[in-house]
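S.K.: Based on what follows, work out the 3D shape:
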Amino acid sequence: MFSDIFARGRAAGPVVTRAPLIDLVDEGDKFRIVADIPGIDKEDLDVRVTEDTVIIRAESRADREERGRNYYLRERGSTSYYRVITLPEPVVPEKAEASYKNGILEIVLPKRAPERKEGEGFRVKIK
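M.R.: Presented below is the predicted three-dimensional model:
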């Protein structure tokens with residue numbers, strides 16, 4: 001029962017899936033999402049956007065097990081991130097932009113212009 005507790009070493013590292021911590025900021029004509037995703041290469045990030053949802057996926061590849069190595073202890077396993085963010089207003093997915101630097105993912109999402117009803121016209125501001 002307790003024999004595993006006292007076993008010598010552990011070769012396989014843990015595989016952990018985390019939800020990245022985010023800030024979702026309303027900047028008037030756009031939303032900005034800032035997500036903490038440390039330890040990931042830019043090529044291993046996948047960001048998908050629909051009108052009302054952002055999906056962030058990422059998986060670290062830096063800690064792949066090397067063949068022929070005899071690990072006594074291996075704690076630095078693979079880490080993956082997954083988060084679905086529901087947006088409070090529709091956005092224009094094809095105009096979304098993202099950047100990633102120093103473990104911070106930043107996504108800018110322009111809001112969809114409100115639809116006007118036929119005959120309602122466009123209100124002109126008077127100076």
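S.K.: So which residue is dead centre in the protein?
M.R.: residue 56 (3.3 Å; Cα atoms, centre = their mean).
S.K.: quick one: contacts for that residue?
M.R.: 20, 35, 37, 45, 46, 47, 81, 82, 83, 85, 105 (Cβ atoms under 8 Å, 6 or more residues apart in numbering). All C-beta atoms are positioned from the backbone trio N, CA, C, and that covers glycine.
S.K.: Tell me, what's the model's pLDDT at it?
M.R.: According to the prediction, residue 56 has pLDDT 96.
S.K.: what lines up beside the helix or strand where it lies in the sheet?
M.R.: Element membership of residue 56, judged by DSSP states H and E, is strand 53-59. Using DSSP bridges, strand 53-59 pairs in its sheet with strand 45-49 (antiparallel), strand 79-86 (antiparallel).
S.K.: so which of those strands gets nearest residue 110?
M.R.: Nearest of these to residue 110, taken as Cβ to Cβ: strand 45-49 at 10.6 Å.
S.K.: and the closest one, C-alpha only, in CSV?
M.R.: C-alpha atoms of strand 45-49 as CSV (Å, rounded to 0.1, in the frame of the first residue of the first chain):
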residue,chain,number,x,y,z
LEU,A,45,0.2,28.6,-29.0
ASP,A,46,-3.2,28.2,-30.7
VAL,A,47,-5.7,31.0,-30.4
ARG,A,48,-9.2,30.7,-32.1
VAL,A,49,-11.8,33.5,-32.2
